[in-house]
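1. the sequence and its predicted three-dimensional model are supplied below.
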Amino acid sequence: GKKMSVFLDDMSMPFVNLWGDQITLEITRQLIEAKGFYFLSKDERGSFRQIEKLQFLGAMNHPGGGRNDIPHRLKRHFFSINMTSPSTRSIENIYGRILTVLFNPKKYAAEVINMKQFLVEATISIWDAVKRRLLPTPTKFHY
């Protein structure tokens with residue numbers, strides 16, 4: 001009775017081989033279509049492992065600039081939603097509202113409440129620096 005959601009982050013990252021295939025994405029496509037996969041190891045070659053009740057969600061940037069498109073055979077299993085990155089002003093508003101709720105005047109002194117804008121600006125500044133410095137690569141995809 002259990003279900004599992006699988007989130008595929010940065011689907012444009014896998015390497016394209018000489019034949020134009022992205023092996024990891026082909027395995028993913030097989031898992032979605034066949035609801036399982038075949039083993040290739042010597043002892044279990046050809047054995048099929050069925051996996052049920054999986055829901056797949058994926059994220060990726062637009063292809064180009066070193067990012068690959070995903071195969072159409074895989075893409076047809078998803079629906080696309082295009083989302084642009086929020087502006088700095090939007091992020092300031094979001095964090096500002098969150099901190100306004102958290103820094104309730106009934107619980108905190110005015111000195112703490114007045115730090116709200118500084119915390120928002122510092123958080124965004126750190127995020128921008130990390131985003132510029134720690135770019136994702138196939139070997140360090142976790143940034």
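-> Good, I have the coordinates. Numbering: from 1, shown residues only.

2. any buried residues in the lengthiest helix in the chain, and which?
-> Taking DSSP state H as the criterion, the chain has its longest helix at helix 116-133. By neighbour count on 16 or more other CB atoms under 10 Å, the buried set for helix 116-133 is Lys116, Val120. Quick note: C-beta positions are derived from backbone N, CA and C, even for glycine.

3. show the average pLDDT along that helix.
-> Across helix 116-133, the average pLDDT comes to 91.

4. that helix packs against which elements?
-> Judged by 3 or more CB pairs under 8 Å, 6 or more residues apart in numbering; DSSP states H and E, the packing partners of helix 116-133 are helix 88-102.

5. could you point out the helix or strand that follows the helix it packs on?
-> Going down the chain from helix 88-102, the next helix or strand is helix 110-113, by DSSP states H and E.

6. roughly how far is that following helix from the heart of the chain?
-> Counting by CA atoms, centre = their mean, to the nearest Å, helix 110-113 is centred 36 Å from the centre of its parent chain.

7. which other residues reach that helix?
-> Phe103, Pro105 (CB atoms under 8 Å, 6 or more residues apart in numbering).
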